[in-house]
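[1] 3D model of this:
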Amino acid sequence: MANWWESPFRVFQTNLREIDAGLDVERHVAEIKRMGADTWLLNTAGIVSFFPSKLPYQHPSPWLRERPSGDLIGDAVTLAHKAGVRVVSRVDFSKLNQEVYEAHPDWFYVSPKRQPQVYNGLYSTCPDGAYYQEKSLDIIDEVMARYDVDGFFFNMFMFPEYDYSRNFWGICQCVSCQRRFKGDTGYDLPVSPDWQNPAYVAHLEFKRKVLAELSGRIRDRIRRKPGTCLLLRQTSDVTMHEVNNAVDRPLPLPRFWPGDAAKQDRGADASKPVVTNVVLFLDIPYRFTAEQPGLVQVYGAQVLAHGVNPWIYVVGTLDQPDRKNFQAGSAILRFHRENEDLYAGSRMCPVVALVSSTKSDERYGRDRGSDLVGDAYRGAYRALVEEHIPFVVVPDTMLPEKQSAGELARYRCIVLPNVAAMSDAEAAAIDDYVQGGGGLVATFETGHFDESGRRRERLALSSFADVTAVARRGGMRSAYLRITDRSDIPGFDLSQLVMVDGEYLYVSAGKSAATSMTLIPPSRYGPPEKTYWDVETTHPGLIKLSHGKGKVAFFPWQVDALFHRHSLPEHSRLLATAVERVSEGGRQVVGRIPPQVEVVIAEQSARKRTLIHLINYSGCQDRSFHEPIQLHDLLVRLTDRKVETARSTVLQRPLDVAHDGAVQLPTLRWTDVIVCE
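    Here you go, the predicted model:
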């Protein structure tokens, strides 16, 4: 019998305060079910326990006395299961009260100033201490022994270097961290972030390792009780994400966040269930101000389109003082419930993969004065979305494993957005992929550094064997590339130049390489009477290569990062055309589709169905997320399969299909799924 979390499910979370222990369970279960959820995530233990715990380091809510049973969890599990609603226990190991701190100071975080972190009277614990490492298992055992909960989720499962006010406290210096870090790495603990310090870079990996090992042990303990799962970002049965807002977050807001997280999960392991929490309040300091309904709606549309299980969340009970986005949140849950058959056995099937690289970000990009990796990734991501090129995201560390398993062969093209720090094994995996016929698009300093961020003498990729970096030049303000081959950038017949800013690589290309676009180096831009250039060069802006059976396109400049920063359409079109050119089959999706619409392709192979998910971003405007504009007369055609019949899930009607398989969609509201047989 399959586990419940391996089928589609929907979560509503009431993140209870200790004063909420007397809530009306029967009413909450009925309301949660009416909104479309079938799983209730409910505070259970940790900072406050909502049942009469017998453990000495637990703190039962004093408001439990308002319940005749004195036990919220017992009442909730009984009534929820009776109504066909599951209960997942929320536990928070991150903080405890002063009484426990005084008895067990070794369980807690210690700042570089040798002080505990105290927030609203609670003391932050350390994931490497005995409370997390040992007592957490006792808490889980007690809950599972008392109640038939369906799963667990752990809040703030991280090292507490920041508090809720976003104050930075520093790297934990507790005895447990000192001893384990020294034993694992040979370094003494660093006291502050310093990207030039190898101990600090090692500490980033150390934290990830501690949390992964701990969550693995917790998951093993939970699995002792059949039918119970762990929802967490680290080692878990279900990968969990949270997408939210923040009052101090700079513009533009990350509109693609849920889709980005889902694409990374699907690229890493397409078979593992994922759940994403769309937060219904504005920010931590404003937990009772409801988020814009339009933001909830567009985030939810991305969750649905990528086959992710939806989860919405409030602090306190359902009796919120601001419910303006409840309708939008409920619409996400109900759409998923009413169309559950679209999500069972559904798998994304794009033919392009975008590579993400945490180590390039950390070991190459952080000390160079600008977000060289993050901007490149975000620019490439948005270019693919707006150019209607469906894709997944593959972590660079998984490239060798996926190439060995034959999984990279499913992609016609892999995009490397300034993946600068690359191991030999990752480079070999990419080279093998291209050698076998895969397409590759790479930008700027891809493969110029090893996995530790040290500059290589030669590029990591054999696919670039006929390319040599001669010099790296910064300060390219007022530089241009002259377009020399119109096929590189179709649709821009009125443009002769493409702007270049930031940094540029002068490269030497061998006889087997074809080059196009030529550099106009930085020139005068003021006063107007002197605004012209005296020099044009033959240094290329695009290099086209072959490697084995595959094709390569290399931009020795920051085309993707510049698109992120300036949104010039020529940068986006250059990337999209390069993807098409190295991909033998060209585009997977063509038609009449505005750039404000994302296309996500999935298939249910057992049912011989293809699902075309459409997301309408037309309501997004800086910090404002409005109801999207209703779009009309869309035309969508898949080039890699023939569509004979199609039906709109939202319009609930068959759609016209042309002789070439193009599907006509008369209107698109916030989302739709075109079901193709």
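
[2] point out where the stretch 1-150 of the chain drops to low pLDDT.
    1 (pLDDT under 70).

[3] confidence score at the residue nearest the centre of the chain?
    For the chain, the residue nearest the mean C-alpha position is A261 (2.0 Å; CA atoms, centre = their mean). Predicted confidence (pLDDT) for A261: 97.

[4] not counting residues beside it along the chain, what's closest to it?
    H241 (4.4 Å; CB to CB, 6 or more residues apart in numbering). For the C-beta atoms, the positions are set from N, CA and C on the backbone; glycine is no exception.

[5] the one you found pairs with what?
    T276 (DSSP bridges).

[6] just confirm A442 contacts V419, I think it does.
    Yes - taking contacts as CB atoms under 8 Å, A442 lies within contact range of V419: 7.4 Å.

[7] if you count surrounding residues, which of those two has more?
    V419 (34 against 26; other CB atoms under 10 Å).

[8] assumed that one was part of a helix.
    No - counting by DSSP: H, G, I helix; E, B strand; the rest coil, V419 is not part of a helix but coil.

[9] my read is that it contacts T397, right?
    No - using CB under 8 Å as the test, V419 is too far from T397 to be in contact (11.1 Å).

[10] how long is stretch 648-658 from one end to the other?
    End-to-end distance for stretch 648-658: 15 Å, by CA to CA, to the nearest Å.

[11] when you give positions from now on, start the count at 187
    Sure, I'll start counting at 187 from here, so that last one is stretch 834-844.

[12] so S310 lies in a strand, does it not?
    Yes - under three-state DSSP, S310 sits within a strand.

[13] residues near M685, how many?
    For M685, which is what you asked about, the neighbour count (other CB under 10 Å) is 15.

[14] need the phi and psi values for it.
    phi -70, psi 150 (degrees, to the nearest 10).

[15] one more: F340?
    Phi and psi for F340, reported as degrees, to the nearest 10, are phi -120, psi 120.

[16] per-residue confidence at it?
    96.

[17] what's the burial count for it?
    26.

[18] swap in F512?
    Neighbours around F512, by other CB under 10 Å: 19.

[19] correct me, but it touches F467?
    No - using CB under 8 Å as the test, F512 is too far from F467 to be in contact (11.6 Å).

[20] which neighbours do the two share?
    A476 (CB atoms under 8 Å, 6 or more residues apart in numbering).

[21] helix or strand for I325, which one?
    Element membership of I325 [criterion: DSSP states H and E] is helix 322-332.

[22] check the offset of that helix from the chain's centre.
    31 Å (CA atoms, centre = their mean, to the nearest Å).

[23] which residues are contacting stretch 305-316?
    233, 279-284, 286-287, 290, 292-296, 302-304, 317-319, 343-346, 349-351, 358, 360, 362-363, 366, 396-397, 400.

[24] give the buried residues for that stretch.
    By neighbour count with 16 or more other CB atoms under 10 Å, stretch 305-316 contains the buried residues L308, Y309, S310, T311, C312, P313, D314, G315.

[25] what of stretch 606-616?
    A606, A607, M608, S609, E612, A613, A614, A615, I616.

[26] same thing with stretch 517-524?
    A517, I518, L519, R520, F521, H522, R523.

[27] residues in contact with that stretch?
    194, 196, 198, 221-224, 464, 482-483, 486-487, 489-490, 495-496, 498, 529, 857.

[28] repeat that for stretch 748-765.
    538, 561-562, 564-566, 568-570, 572-573, 575, 599, 601, 625, 627, 673-678, 681, 684-688, 728, 739, 741, 745-746.

[29] weed out the non-buried ones from these.
    Buried among the contacts of stretch 748-765 (16+ other CB under 10 Å): 538, 561-562, 564-566, 568-570, 572-573, 575, 599, 601, 625, 627, 674-675, 684, 686-688, 728, 739, 741, 745-746.

[30] now the buried residues of stretch 305-316 in a markdown table, with distance to D455?
    As requested, the buried residues of stretch 305-316 are exported to a markdown table (distance: CB to CB, whole Å):
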| residue | distance to D455 |
| --- | --- |
| L308 | 36 |
| Y309 | 37 |
| S310 | 32 |
| T311 | 30 |
| C312 | 29 |
| P313 | 24 |
| D314 | 27 |
| G315 | 31 |
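
[31] re the thing from before, run a quick neighbour tally on the residue nearest to A447.
    20.

[32] cool, Q284 as well?
    Neighbours around Q284, by other CB under 10 Å: 12.

[33] OK, contacts around it?
    Q284 touches G307, Y309, counting by CB under 8 Å, 6+ apart.

[34] show me the domain layout of the protein.
    With domains defined by automatic domain parsing, the chain comprises 190-282+314-344+401-532, 538-768.

[35] so how far is the shortest one from its chain's centroid?
    Just to be clear, that refers to domain 538-768. 22 Å.

[36] again with stretch 344-356
    The answer for stretch 344-356 is 22 Å, by CA atoms, centre = their mean.

[37] what residues of that stretch count as buried?
    Neighbour-count burial for stretch 344-356 flags F345, P346, E347, W355, G356 (criterion: 16+ other CB under 10 Å).

[38] how about stretch 293-308?
    Quick answer for stretch 293-308 (16+ other CB under 10 Å): W293, F294, Y295, V296, S297, P302, Q303, L308.

[39] so how far does it reach from one end to the other?
    Per CA to CA, stretch 293-308 runs 13 Å from first to last residue.

[40] cool, and stretch 358-377?
    Stretch 358-377 stretches 8 Å from its first residue to its last (CA to CA).

[41] need phi/psi at V768.
    Torsion angles, degrees, to the nearest 10, at V768: phi -80, psi -10.

[42] thought it was touching L626?
    Yes - using CB under 8 Å, V768 makes contact with L626 at a distance of 6.2 Å.

[43] now the common contact residues for those two.
    C599, G736, K737, V738, A739.

[44] and the fourth one, what is it in contact with?
    Residues in contact with V738 (CB under 8 Å, 6+ apart) are V620, G625, L626, V627, A628, S649, F650, I729, K730, L731, S732, V768.

[45] okay, now the first one: neighbour count?
    Applying the criterion other CB under 10 Å, we find 26 residues in the vicinity of V620.

[46] excluding its backbone neighbours, what's nearest it?
    G736 (3.6 Å).

[47] tell me the bridge partners for the one you found.
    H733.

[48] so what's the residue count around it?
    24.

[49] thought it was touching D618?
    No - applying CB under 8 Å, one finds G736 not in contact with D618, separated by 9.8 Å.

[50] convert stretch 216-231 to PDB, retaining C-alpha atoms only.
    Coordinates of each C-alpha in stretch 216-231 appear next as PDB, following Å, rounded to 0.1, in the frame of the first residue of the first chain:
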ATOM      1  CA  ALA A 216     -14.700  21.700   9.200                       C
ATOM      2  CA  GLU A 217     -13.400  25.100   7.900                       C
ATOM      3  CA  ILE A 218     -10.000  23.700   6.900                       C
ATOM      4  CA  LYS A 219     -11.800  21.000   4.900                       C
ATOM      5  CA  ARG A 220     -14.200  23.500   3.300                       C
ATOM      6  CA  MET A 221     -11.200  25.600   2.100                       C
ATOM      7  CA  GLY A 222      -9.900  22.500   0.300                       C
ATOM      8  CA  ALA A 223      -7.200  21.100   2.500                       C
ATOM      9  CA  ASP A 224      -7.000  17.500   3.600                       C
ATOM     10  CA  THR A 225      -4.100  17.900   6.000                       C
ATOM     11  CA  TRP A 226      -3.900  20.100   9.100                       C
ATOM     12  CA  LEU A 227      -0.500  21.200  10.300                       C
ATOM     13  CA  LEU A 228      -0.700  21.900  14.000                       C
ATOM     14  CA  ASN A 229       1.700  23.000  16.700                       C
ATOM     15  CA  THR A 230       2.500  20.100  19.000                       C
ATOM     16  CA  ALA A 231       5.700  20.300  21.000                       C
END
